[in-house]
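1. Mind looking at a prediction? Sequence and model below.
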Amino acid sequence: MAIYNLISNANRQEISTAVAVGMDGALLKQLPEGVPWTNYNAVKCPRRSARLKGVLRRIVGKRQRRDEWLSEFTREYDDYIWYLNTVCQPHVLRQARKFGVPCVVHSHELEQMFVNLTEDEVFDLVNYPKLIIACSEAARSVMNMLGRKENLEVLYEAIDLKKIVTSPEASEAVREKLNISKSTFVWAMSGTLDPNKNPIQFIELAREMAERKLNAHFIWIGAGGTGYPLFVEGVFRSQTELENLSWVGARTDDYYDYLNAADGFVLTSYRDSFPLTMLEAAALGKPIVSFDSGGVTEFVKPGMGVVIGSWDPADLTQAMIKVMTGEIPCDPNTSRTQAEKFDASIQARRWQEVMKSYFAT
């Protein structure tokens, strides 16, 4: 999403892009006109793949097709820079090094993602790219710890503010659909259902508020594509009296209606470099309460909420209650003003400036 926002808001008179992906996603169809894209895993090589059987045919054949396609891509776009939108594409980075292609890695991840890479792949990541762009100071510090000191820039994540469209009526309709009264304080969290996002803590927060008989409701916006949500569902079912929590799944056209239906945003993640959902909540004027999970400390300013440094759930609960009662004052205009600094139009201009400073001929 962050790279999509940069491409969509870049000055295409000054920068030319072509997109290669490993799977088709919804954002591909929304790319600006004139930005070509292709799925390298969909490229067919019948003669080569016909020799491969079973698992080797599916896995090794797919890898060979991909690498052959990247070789062709290099020849077709021989004057282009390869721009990797995540640290978790070691196969593409390996091919860039093989062909001697100038390479940029945009790091949106913190250290927990390196369990998916080998030592050699991390070595390539740290040493080969001509430029690494980190999405926050927290992400930059991870690269520093790995030994990368030079040609390392911070470019904060961005949201497209003009696409954040909702209305009080639409948000009220969401609350009515979920049987939430107007007097209830609603806390939202948005993200995939995975262990790092910590939905179990979200359940515990809802349970704690219910036991204290506080008028609060919790909404989780998002789903998950693994088996982990089944465990989350099991934990939730075990809380037999828990009626103040709604799992609303992944939303599309009405996503901002659901987010705006909340009165506050609670970020339960263990580690998060600079979450887009945090920016979206601030753009809607929502106070933010979070553990010190990474980039949130670089964004939340006085009057926007509170970041808890203790990692004690009791402290997080108490901070939420103080926001609900007004003991911690929060100004929606302060949040909106801060979010405006991270609009995609602003960040895209800075992105182009960074790219020009390293690659202009």
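-> That came through, no problem.
2. By mean pLDDT, flag the weakest helix or strand of this protein.
-> The weakest-scoring helix or strand in the chain, judged by mean pLDDT, DSSP states H and E, is helix 46-49 (a mean of 35).
3. which residue ranges form the strands in the protein?
-> 19-21, 37-39, 82-84, 103-107, 131-134, 152-154, 185-190, 216-221, 245-249, 264-267, 288-291, 305-308 (DSSP state E).
4. Direction included, what does the second one pair up with?
-> In this case it means strand 37-39. strand 19-21 (parallel) (DSSP bridges).
5. show me what contacts Trp247?
-> Going by C-beta atoms under 8 Å, 6 or more residues apart in numbering, Trp247 touches 220, 236. Where you see a C-beta, it was placed from the backbone N, CA and C, and this is true even at glycine.
6. if I look at it, how far off is His106?
-> With the distance defined as C-beta to C-beta, to the nearest Å, Trp247 ends up 31 Å from His106.
7. With Asn116 instead?
-> Taken as C-beta to C-beta, the span from Asn116 to His106 is 17 Å.
8. So these two - more neighbours on which side?
-> Shown here are Asn116 and His106; by other C-beta atoms under 10 Å, His106 has more neighbours (22 against 11).
9. pLDDT of stretch 75-83, averaged?
-> Mean pLDDT, stretch 75-83: 79.
10. Restricting to C-alpha, output that stretch in CSV.
-> Extracted in CSV, the C-alpha atoms of stretch 75-83 (Å, rounded to 0.1, in the frame of the first residue of the first chain):
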residue,chain,number,x,y,z
ARG,A,75,17.2,-6.9,-20.8
GLU,A,76,14.0,-5.1,-21.5
TYR,A,77,14.5,-2.5,-18.8
ASP,A,78,18.2,-2.3,-18.9
ASP,A,79,18.3,1.3,-17.7
TYR,A,80,16.0,0.8,-14.8
ILE,A,81,16.7,0.6,-11.1
TRP,A,82,15.2,-2.4,-9.3
TYR,A,83,13.1,-1.2,-6.3
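11. Buried residues, it. List them.
-> 81-83 (16 or more other C-beta atoms under 10 Å).
12. what does it contact?
-> So stretch 75-83 is contacted by 3, 16-18, 92, 96, 101-104, 106, 130, 355, 359 (C-beta under 8 Å, 6+ apart).
13. Could you say which of those residues is surrounded by the most neighbours?
-> Neighbour counts for these, by other C-beta under 10 Å, peak at Ala96, which reaches 24 neighbours.
14. who's the closest residue to that one other than its chain neighbours bridged to?
-> The shortest distance from Ala96 to any non-neighbouring residue, by C-beta to C-beta, 6 or more residues apart in numbering, is to Cys103 (4.3 Å). Beta-bridge pairing of Cys103 under DSSP bridges involves Trp82.
15. mind listing what Cys103 touches?
-> Cys103 makes contact with 81-84, 93, 96-97, 128-130, according to C-beta under 8 Å, 6+ apart.
16. Determine which two of these are furthest apart.
-> Farthest pair in the contacts of Cys103 (C-beta to C-beta) is Tyr83 and Arg97. Separation: 14.8 Å.
17. From Arg349, how far off is the residue lying closest to Pro329 once chain neighbours are set aside?
-> Spatial nearest neighbour of Pro329, excluding adjacent residues (C-beta to C-beta, 6+ apart): Gly303 at 6.8 Å. Counting by C-beta to C-beta, the gap from Gly303 to Arg349 is 27 Å.
18. next one: Asp263
-> According to C-beta to C-beta, Asp263 stands 34 Å off from Arg349.
19. Same drill for these two, tell me which one is more crowded.
-> Asp263 (18 against 14).
20. The more buried one is in contact with Ile180, isn't it?
-> No: the pair Asp263 / Ile180 is not scored as a contact, 10.3 Å apart, by C-beta atoms under 8 Å.
21. Could you tell me which residues touch both of the two?
-> Val186.
22. re the thing from before, including distance to Met189, could the contacts of Cys103 go into a markdown table?
-> Listed next are those as a markdown table, based on distance: C-beta to C-beta, whole Å:
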| residue | distance to Met189 |
| --- | --- |
| Ile81 | 37 |
| Trp82 | 35 |
| Tyr83 | 31 |
| Leu84 | 29 |
| Leu93 | 33 |
| Ala96 | 37 |
| Arg97 | 39 |
| Tyr128 | 37 |
| Pro129 | 33 |
| Lys130 | 37 |
